[in-house]
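Novice: Can you look at this prediction? I've put the sequence above it.
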Amino acid sequence: MQKIRLTMAQALLHFLDRQFVSVDGVEYKFIQGVLGIFGHGNVTGIGEALERSPGELLYIQGKNEQGMVHAATAFAKQKNRRQIFACTTSIGPGALNMVTAAATATVNRIPVLLLPGDNFASRQPDPVLQQLEVPGDYTVSAADAFKAVSRYWDRIARPEQLMAAAVQAIRVLTDPAETGAVTLALPQDVQAEAYEYPASFFEKRVHYIDRRPPAPNALVRAVQLLQVKRRPLIIAGGGVLYSSATQELAEFAETFAIPVAETQAGKSSLAWDHPMNVGAIGVTGSLAANRLAKDADLIIGVGTRYSDFTTASKSAFTHHQVQFININVSDFDAAKLHGIALTADAREGLAALHKSLSALHYRAAYGVAEIADWKQRWDAEVDRLYAIEHNEGLAQTTALGVINQTIEPSSVVVCAAGSLPGDLHRLWRAPQPKTYHMEYGFSCMGYEVSGAFGAALAEPNREVYALVGDGSYLMLHSELVTSLQEGRKITVLLFDNHGFQCIHNLQRGHGSDGFGNEFRYRESSTGRLTGSYLPIDFAAHARSLGAKAFKARNADELKQALLQAKHETLTTLIEISVVPGTNTDGYESWWQVGVPEVSACAKVIEAHQDMKARIDAVKLI
């Protein structure tokens, strides 16, 4: 048997460089490279391997560990999970900075490989700098924090353990039903230890992602249920896009006259003006979709995990005979809401269901005019919100209208947190698949700029826009510098509304007068943050980092800034001043939150009683 003597870190990179996936006969190099920040836990191990023997793996220098993992997640999401980046850090704080982003990837079912440095396996220099010591269990290190947020976790305590661990890591990363963050903790001494690895370990490996068809009996059960239902509604989730099932979805909806509502992850599955697309569903949904959901006697969930925002905390579906058919590659998600589980790839599931229903000449009971009327009414509402004129300045919905009508249809918009996701879900008119990139599984503040950089890595021929509030921007914007370093232009559209206004609205909607959510000076008279707004020049900040920057205070200035930014070759930031509280709200949806049962404020007690009444009225599913 031929053997190759390498350090564990060198062997890991050599192995990763030889992994490929095959989908529908098309082969992709799975791991494109490594995002990293070096420290004493990885610089002389995997750092040396990246310097001397990276193979075809691209190294990208991150600026914040959480940010670089968000970028890797966004890259994989935009690539439909067929190509990924790995991320490496030192031990201690460098590693722990990745935990939030690991959870973001796992919640969203997006593959990302995390390679945190770890304590010395030999324990001889213990405790080393940044080592976490747990007196009751000395095997615990900072890397153990990843266990709760990883789909697969392992620690490579001996160099030969890499062979089994690496194979399992790739298995999970390439499994559409199981994927998420995968963590391999790498003790810093073991990274540098050599081993005689068999040459076969480094041979090219192609991992076939075969489309899973529905089980025949499950298909029969689904068809039997569907054929007696008159008013079904399709909920298109992210699985439609990851499966490249947009054409099958359109044909299914058209053939059987079934309206389609979209989740945040599923938005852009159908073009916004498709006759069967009734818009966003749930808490951040359109009136059209939410009204149709209330009257639906069947929900066909395709590639959705049914978050509380999608189901409006399970209040969205009020028909007394409502039932569910769940087409999902994951057994876990397919079993939700007591639905008939059609465990299958989204494209295969839709195609099989289409064939069976066609043989029965099925058609939903909606009149063509009914769905068209709902679409027309909602389109008119979006037009109204896009055209709002506010006495105090630029309304957020108006700004979104200007952006939507000015940028190229092929552009990708990236967002994650604050009030913008609700407005984008409701109002954004996505013309093409994969032009709407929303991280709303975790709604992680700080994803936006990093995610835009990751999307730009994945889509070098498209314009990529990060839509971000001032709160999220202040929390994490470091990969803006990386975009400049790598020559991957992004355009950051920063909505300055002076604070965490989304939560400020939620707070005030449940009895509060507003507390701790706006960026204001502390008043000496009250001791509270109720003074004037902090004057922050975000455009100047972006320029100081090397980006281009503009400011927009009204619709005309915003349009001109967008047109100018389009012709820039460098990352650009547009600071957009918007009036706080000018986002959308409601549309017959509801979100369950905890409201205090006891309070010194009568408004809070009233809000609690209202919440309790709503909870009691929800149909248990």
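Specialist: Here it is on my side, so go on.

Novice: how does the chain divide up, domain by domain?
Specialist: 3-208, 216-374, 387-498+534-577 (automatic domain parsing).

Novice: Make CSV out of those domains and add mean pLDDT and distance to Asp616.
Specialist: C-beta here means a position set from N, CA and C on the backbone, and glycine is covered the same way. Shown next, in CSV, are the domains of the chain (pLDDT from 0 to 100; distance: least, CB to CB, whole Å):
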stretch, mean pLDDT, distance to Asp616
domain 3-208, 97, 29
domain 216-374, 97, 11
domain 387-498+534-577, 97, 26
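
Novice: which residue sits closest to Gln485, ignoring its sequence neighbours?
Specialist: Leaving aside its sequence neighbours, Gln485 sits nearest to Gln61 (CB to CB, 6 or more residues apart in numbering; 6.8 Å).

Novice: Now do the same contact list for that neighbour.
Specialist: Counting by CB atoms under 8 Å, 6 or more residues apart in numbering, Gln61 touches 35-37, 482, 485.

Novice: Give me the most central residue, this protein.
Specialist: The centre of the chain sits closest to Glu439, judged by CA atoms, centre = their mean, with a distance of 2.3 Å.

Novice: gap between Ser269 and Ala148?
Specialist: Distance, Ser269 to Ala148, by CB to CB, to the nearest Å: 31 Å.

Novice: Those two: which is more packed in?
Specialist: Set Ser269 next to Ala148 and count neighbours by other CB atoms under 10 Å: Ser269 wins out with 30 against 11.

Novice: who's in contact with that one?
Specialist: Neighbour list for Ser269: 236, 240-241, 245-246, 249, 260, 262, 433 [criterion: CB under 8 Å, 6+ apart].

Novice: And it, its phi and psi?
Specialist: With angles defined as degrees, to the nearest 10, Ser269 sits at phi -60, psi -40.

Novice: cool, and the one 10 residues further on?
Specialist: Comment: the main-chain dihedrals of Gly279 come out as phi 100, psi -160, following degrees, to the nearest 10.

Novice: repeat for Ala192
Specialist: Backbone phi and psi, for Ala192 under degrees, to the nearest 10, turn out to be phi -100, psi 0.

Novice: Does it touch Gly45 like I think?
Specialist: Yes - contact criterion CB atoms under 8 Å: Ala192 and Gly45 qualify, at 5.0 Å.

Novice: shared neighbours of the two, anything?
Specialist: By CB under 8 Å, 6+ apart, the residues touching both Ala192 and Gly45 are 7-9.

Novice: Which of those residues ranks first by neighbour count?
Specialist: Counting neighbours by other CB under 10 Å, Ala9 comes out on top of the shared contacts of Ala192 and Gly45 with 28 neighbours.

Novice: Doesn't it lie inside a strand?
Specialist: No - read with DSSP: H, G, I helix; E, B strand; the rest coil, Ala9 is helix and lies in no strand.

Novice: tell me the contacts of it?
Specialist: By CB under 8 Å, 6+ apart, the contact set of Ala9 is 45-46, 48-49, 186, 191-192.

Novice: Hmm, Phe20 and Val206 touching each other?
Specialist: Yes - counting by CB under 8 Å, Val206 touches Phe20, with 4.7 Å between them.

Novice: following the helix or strand harbouring Ala549, which helix or strand shows up next?
Specialist: Under the criterion DSSP states H and E, the helix or strand holding Ala549 is strand 548-552. Using DSSP H and E, the helix or strand that follows strand 548-552 in sequence is helix 555-566.

Novice: which parts of that following helix are buried?
Specialist: 555, 557-558, 561-562, 565 (16 or more other CB atoms under 10 Å).

Novice: could the domains of the chain go into JSON lines alongside distance to Tyr521?
Specialist: Formatted as JSON lines, the domains of the chain follow (distance: least, CB to CB, whole Å):
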{"stretch": "domain 3-208", "distance to Tyr521": "28"}
{"stretch": "domain 216-374", "distance to Tyr521": "32"}
{"stretch": "domain 387-498+534-577", "distance to Tyr521": "7"}
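
Novice: With Gly511 as the reference, name the closest of those domains.
Specialist: domain 216-374 (18.5 Å; CB to CB).

Novice: thought His510 was touching Met611?
Specialist: Yes - between His510 and Met611 a contact is recorded at 7.4 Å, counting by CB under 8 Å.

Novice: about what we covered before: give me the neighbour count for the nearest residue to the residue nearest to the centre of the chain once chain neighbours are set aside.
Specialist: Once flanking residues are discounted, Glu439 sits nearest to Ala416: 4.2 Å by CB to CB, 6+ apart. Neighbours of Ala416 under the rule other CB under 10 Å: 30.

Novice: about what we covered before: out of the contacts of Ser269, list just those in strands.
Specialist: 236, 260, 262 (DSSP state E).

Novice: could I get these as CSV with distance to Thr139 and neighbour count?
Specialist: Listed next are these as CSV, based on distance: CB to CB, whole Å; neighbours: other CB atoms under 10 Å:
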residue, distance to Thr139, neighbour count
Ala236, 45, 29
Val260, 50, 29
Glu262, 46, 32
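
Novice: Just put these in TSV and tack on distance to Met1.
Specialist: Shown next, in TSV, are those (distance: CB to CB, whole Å):
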residue	distance to Met1
Ala236	50
Val260	55
Glu262	53
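
Novice: OK, contacts around Val99?
Specialist: Contacts of Val99 by CB under 8 Å, 6+ apart are 145-146, 149.

Novice: go on, Asp189?
Specialist: By CB under 8 Å, 6+ apart, Asp189 lies in contact with 120-122.

Novice: Just the buried subset of these, please.
Specialist: 120-121.

Novice: Closest to Asn497 out of the contacts of Asp189?
Specialist: The closest of those to Asn497 turns out to be Phe120 (CB to CB; 48.3 Å).

Novice: and the closest one, how far is that from Ala399?
Specialist: For Phe120, the distance to Ala399 - CB to CB - is 53 Å.

Novice: Over to Ala341?
Specialist: 42 Å.

Novice: Looking at these two, which is more packed in?
Specialist: Per other CB under 10 Å, whichever of Ala341 and Ala399 has more neighbours is Ala399, with 26 against 23.

Novice: Quick check: that one is in a helix.
Specialist: Yes - under three-state DSSP, Ala399 falls within a helix.

Novice: Please look at it and Asn554 and confirm they touch.
Specialist: No - counting by CB under 8 Å, Ala399 sits too far from Asn554 to count as a contact (9.4 Å).

Novice: Alpha carbons of the strand holding Ala549, as PDB, please.
Specialist: What follows is strand 548-552, C-alpha atoms only, in PDB (Å, rounded to 0.1, in the frame of the first residue of the first chain):
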ATOM      1  CA  LYS A 548     -17.100  54.600  -2.000                       C
ATOM      2  CA  ALA A 549     -20.100  56.200  -0.200                       C
ATOM      3  CA  PHE A 550     -23.100  58.300  -0.800                       C
ATOM      4  CA  LYS A 551     -26.000  59.800   1.200                       C
ATOM      5  CA  ALA A 552     -29.700  59.800   0.400                       C
END
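
Novice: and stretch 144-155, how far apart are its ends?
Specialist: Using CA to CA, to the nearest Å, the end-to-end distance of stretch 144-155 comes to 9 Å.

Novice: Now do the buried residues in it.
Specialist: Going by neighbour count (16+ other CB under 10 Å), the buried part of stretch 144-155 is 144-146, 149-155.

Novice: now stretch 580-595
Specialist: 580-584, 587, 589-591, 595.

Novice: Same check on stretch 36-50?
Specialist: Applying 16+ other CB under 10 Å to stretch 36-50 flags 36-43, 45-50 as buried.

Novice: residues in contact with Val302?
Specialist: Val302 neighbours (CB under 8 Å, 6+ apart): 234-237, 239-240, 245, 249, 266, 327-328, 346, 349-350.

Novice: Which members of those are positioned in helices?
Specialist: Residues of those located in helices (DSSP state H): 239-240, 249, 346, 349-350.

Novice: so which of those comes closest to Gly303?
Specialist: For these, the nearest to Gly303 is Gly239 (1.7 Å; CB to CB).

Novice: Show the contacting residues for the closest residue to that closest one other than its chain neighbours.
Specialist: Closest residue to Gly239 apart from its sequence neighbours, by CB to CB, 6+ apart: Gly303 at 1.7 Å. Residues in contact with Gly303 (CB under 8 Å, 6+ apart) are 236-243, 245, 266, 327-329, 346.
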